[in-house]
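Asks: any chance you can model this:
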Amino acid sequence: MERKKVYNGDFCDMKKVCVVTGGGSGIGFAAAKEAAKKGYYVMIVGRNEKNLQVQ
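Replies: Numbers count the residues shown, from 1 in each chain. Prediction:
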C-alpha cells in the first residue's frame, strides 16, 4: 500500500475538529461545549438520539 501526504505542511490552514463520543450528557456533553467555545468544529456521537437533538 502506498502512503500519500494528505497535508501541505502548513498547519495554520488546518481546521480544528473534535469528535466526542458519549456527548449526549454528562462529561462528554461538557467536553463538547468546551471544545465548541474554543473554536473547534464539534461532532457529537451518542446512543440516545433524544439527547443529541439541538435545543
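
Asks: and the residue minimising distance to the centre of the chain, which helix or strand is it part of?
Replies: For the chain, the residue whose C-alpha lies nearest the mean C-alpha position (Cα atoms, centre = their mean) is C18; its distance is 2.2 Å. Using DSSP states H and E, C18 sits in strand 17-21.

Asks: could I get the pLDDT score of the residue nearest to the centre of the chain?
Replies: We note a pLDDT of 90 for C18 in this prediction.

Asks: neighbouring contacts of the strand holding C18?
Replies: Strand 17-21 is contacted from outside by 28, 31-32, 35, 40-46, using Cβ atoms under 8 Å, 6 or more residues apart in numbering. Placement of C-beta: from N, CA and C, glycine included.

Asks: go through these and flag which are in helices.
Replies: Applying DSSP state H to these, the entries found in helices are 28, 31-32, 35.

Asks: nearest to V54, of those?
Replies: A32 (12.1 Å; Cβ to Cβ).

Asks: for the closest one, what are its contacts?
Replies: Contacts of A32 by Cβ under 8 Å, 6+ apart are 18, 20, 23, 42, 44.

Asks: one more pass at 7 Å, please.
Replies: Counting by Cβ atoms under 7 Å, 6 or more residues apart in numbering, A32 makes contact with 20, 23, 42, 44.

Asks: which one of the ones in helices among the contacts of strand 17-21 has the most neighbours?
Replies: Counting neighbours by other Cβ atoms under 10 Å, A32 leads the ones in helices among the contacts of strand 17-21 with 23 neighbours.

Asks: and that residue, how close does it get to L52?
Replies: Separation of A32 from L52 (Cβ to Cβ, to the nearest Å) stands at 10 Å.

Asks: overlap of the contact sets of these two?
Replies: Once Cβ under 7 Å, 6+ apart is applied, the residues that A32 and L52 both contact turn out to be I44.

Asks: low-confidence stretches in this structure?
Replies: For the chain, the stretches with pLDDT under 70 are 1-14, 55.
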